[in-house]
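S.K.: what follows is a predicted protein model with its sequence.
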Amino acid sequence: MPKPPKHIFVCTQNRGPGHPRGSCVQNGCSEMWEEFQHQFQVRDLWGKYALTATGCLGPCGFGPNVLVYPEGVMYGKVTKADVAAIIDEHLLGDQPVERLKVPGDVW
């Protein structure tokens with residue numbers, strides 16, 4: 001695969017119930033991750049863009065988190081319903097989804 005124009009990282013960290021930092025799994029990242037994979041499949045984005053499940057991206061209190069490079073845009077509290085907006089607006093349209101960005105003092 002040639003270097004992709006954008007790479008999406010989706011936190012799938014699981015620390016287990018009761019951990020003081022929490023984790024994206026406890027905040028529902030599994031459905032969102034599955035939706036990213038589904039959308040990449042039905043839109044034929046595999047090989048054009050990169051999608052990677054990761055461990056902790058940092059701002060656990062804002063999870064589930066998604067990070068898009070090369071811009072370095074961090075999205076927080078992302079749900080399954082937000083996946084299409086990230087793909088349509090940011091990945092394909094080159095415009096970050098402002099309503100999903102974590103606050104500037106966090107990232």
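M.R.: Happy to help now that I have it.
S.K.: which helix or which strand is home to the residue of the chain most remote from its centre?
M.R.: Within the chain, Gly18 marks the point farthest from the mean C-alpha position, 23.3 Å out by Cα atoms, centre = their mean. According to DSSP states H and E, Gly18 maps onto no helix or strand at all.
S.K.: pull up the gap between it and Glu31, please.
M.R.: In this view, Gly18 and Glu31 are 21 Å apart by Cβ to Cβ, to the nearest Å. C-betas here are computed from N, CA, C, even on glycine.
S.K.: before we move on, what about Pro96?
M.R.: 22 Å.
S.K.: ditto for Gly72
M.R.: 25 Å.
S.K.: give me the more crowded residue out of the two.
M.R.: Set side by side, Gly72 and Glu31 show more neighbours around Glu31, with 12 against 8, by other Cβ atoms under 10 Å.
S.K.: can you give me the helices for the chain?
M.R.: Under the criterion DSSP state H, the chain carries helices at the ranges 29-42, 83-85.
S.K.: including distance to Thr54 and mean pLDDT, could those go into TSV?
M.R.: Shown next, in TSV, are the helices of the chain (distance: least, Cβ to Cβ, whole Å; pLDDT from 0 to 100):
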stretch	distance to Thr54	mean pLDDT
helix 29-42	10	97
helix 83-85	16	98
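S.K.: the strands in this structure, which residues?
M.R.: 7-11, 50-54, 66-69, 73-75 (DSSP state E).
S.K.: in stretch 60-79, what's buried?
M.R.: Buried residues in stretch 60-79, defined by neighbour count with 16 or more other Cβ atoms under 10 Å: 60, 62-68, 73-76, 78.
S.K.: out of the residues you listed, which one sits closest to Phe9?
M.R.: Distance to Phe9, by Cβ to Cβ, is smallest for Leu67 among these, at 4.4 Å.
S.K.: so who does the closest one touch?
M.R.: 8-9, 11, 54, 57, 73-75 (Cβ atoms under 8 Å, 6 or more residues apart in numbering).
S.K.: which residue is nearest the middle of this structure?
M.R.: Val66 (2.3 Å).
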